[in-house]
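Q: Predicted structure and sequence below. I'll ask about it afterward.
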Amino acid sequence: MSTDTLLRLANHSGGVLYVIAALLFVALTVIIERSWYLQRVARATCVALEALDADGSPSAATLASWAARDQGMPSGDLFDTAGRLAGQADREALSMRLEEVVMRKAPQIDRFFWVLDTIVTLAPLLGLFGTIVGMFNAFQVLSNPGNAPTQVTGGVAEALIATASGLFVAMLGLVFFNGMNNRLRVVMHQLDTLKTALVNRLADNSARGEARDEARESAKQERTAPHVVVKSFSQHGA
């Protein structure tokens, strides 16, 4: 199909095919950008979980180094918050702060999903609208004297291209939209797992640290306690 034919079909559809082409470009852009971003987040979170499994009791310095490594990723923000709160917050407070980090990152992770969802719904409607406009143009042939009624069939066939184009864009967008929704679910599950693992590791470290402090304090008190020597004198009658 030549360029002139495509331009003629687009003009007969009232310009709707131009809009559908623009929607296709936007949909492909969102699909590529979000797929790339979700893959990066999933890979960074998997590496973070592996590092946390390898080091069962990470220190604040270790968490800071992991946060620098994953800078810009949700896992980096979780490590940064956990490193700053290590040893300073109890289990509940730490869990709530890390949950806040995940909730703040959620809109960034599913950004532009609404665009793809809108395109999936809008493209078939635009295709139908373009077909209706093309049908009007096709039936106008009958109003011109000297035109054969058989020319209407060609116009109707060309008008249906708009509907086919809209359905194609919608089907393509729907497949990738569902796929990215599944990837999003996996990523959010990974972040929740990382949050829970951080809470468990740091809470255990805090409990062990408090136990060691109590043991040291008890030993110190025993060493510094005054020794009371009680002397008893007994007198025996001669």
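A: Everything's here; your move. Numbering: from 1, shown residues only.
Q: contacting residues for A44?
A: Residues near A44 by Cβ atoms under 8 Å, 6 or more residues apart in numbering: 70, 73-76. In this view, the C-beta of every residue, glycine as well, is placed from N, C-alpha and C.
Q: go again using 7 Å as the cut-off
A: 70, 73, 75 (Cβ atoms under 7 Å, 6 or more residues apart in numbering).
Q: same check, this time on F79
A: 63, 66-67, 70.
Q: how about it, secondary structure?
A: helix (DSSP: H, G, I helix; E, B strand; the rest coil).
Q: Would you quantify the distance from it to L184?
A: Distance, F79 to L184, by Cβ to Cβ, to the nearest Å: 21 Å.
Q: Spatially central residue in this protein, please.
A: I109 (2.8 Å; Cα atoms, centre = their mean).
Q: circling back: let me know the closest of the contacts of F79 to L198.
A: L63 (8.2 Å; Cβ to Cβ).
Q: Quickly find the element holding the closest one.
A: Assigned by DSSP states H and E, L63 belongs to helix 60-69.
Q: hmm, back to that, looking at the contacts of A44, which one is closest to M103?
A: S75 (15.1 Å).
Q: wouldn't that closest one be in contact with R43 here?
A: No: the pair S75 / R43 is not scored as a contact, 9.9 Å apart, by Cβ atoms under 7 Å.
Q: more neighbours, the two?
A: Legend: neighbour count by other Cβ atoms under 10 Å for S75 and R43, higher for S75 (30 against 12).
Q: out of everything not next to it in sequence, what's closest to the more buried one?
A: The spatial neighbour of S75 that comes closest, neighbours along the chain excluded (Cβ to Cβ, 6 or more residues apart in numbering), is A48 at 4.1 Å.
Q: gap between the one you found and M73?
A: For A48, the distance to M73 - Cβ to Cβ - is 8 Å.
Q: do the same with N178
A: On the measure of Cβ to Cβ, N178 and M73 end up 24 Å apart.
Q: now do P58
A: For P58, the distance to M73 - Cβ to Cβ - is 17 Å.
Q: before we move on, back to that, for R91, state which of the contacts of F79 is nearest.
A: Using Cβ to Cβ, these come closest to R91 at L63, 16.4 Å.
Q: For the closest one, give me the pLDDT.
A: For L63, the model assigns a pLDDT of 90.
Q: and it, how many neighbours?
A: What L63 shows, counting by other Cβ under 10 Å, is a neighbour count of 24.
Q: Identify the residues contacting it.
A: Applying Cβ under 7 Å, 6+ apart, the residues near L63 are 79, 82-83, 86.
Q: and the closest residue to A61 other than its chain neighbours, what does it touch?
A: Sequence neighbours aside, G83 is the residue nearest to A61 in space, at 7.9 Å (criterion: Cβ to Cβ, 6+ apart). Listed by Cβ under 7 Å, 6+ apart, the contact set of G83 reads 60, 63-64, 67.
Q: repeat for G56
A: Counted by Cβ under 7 Å, 6+ apart, G56 has contacts R201.
Q: how about it, phi and psi?
A: Dihedral pair for G56: phi -70, psi -20, per degrees, to the nearest 10.
Q: Please, which helix or strand holds the residue nearest to A61?
A: Under the assignment here (DSSP H and E), G83 is part of helix 74-85.
Q: so where do the helices sit in the chain?
A: Ranges of helices in the chain, per DSSP state H, are 3-12, 16-54, 60-69, 74-85, 91-109, 113-139, 151-224.
Q: Least reliable of those helices by average pLDDT, please.
A: helix 3-12 (a mean of 64).
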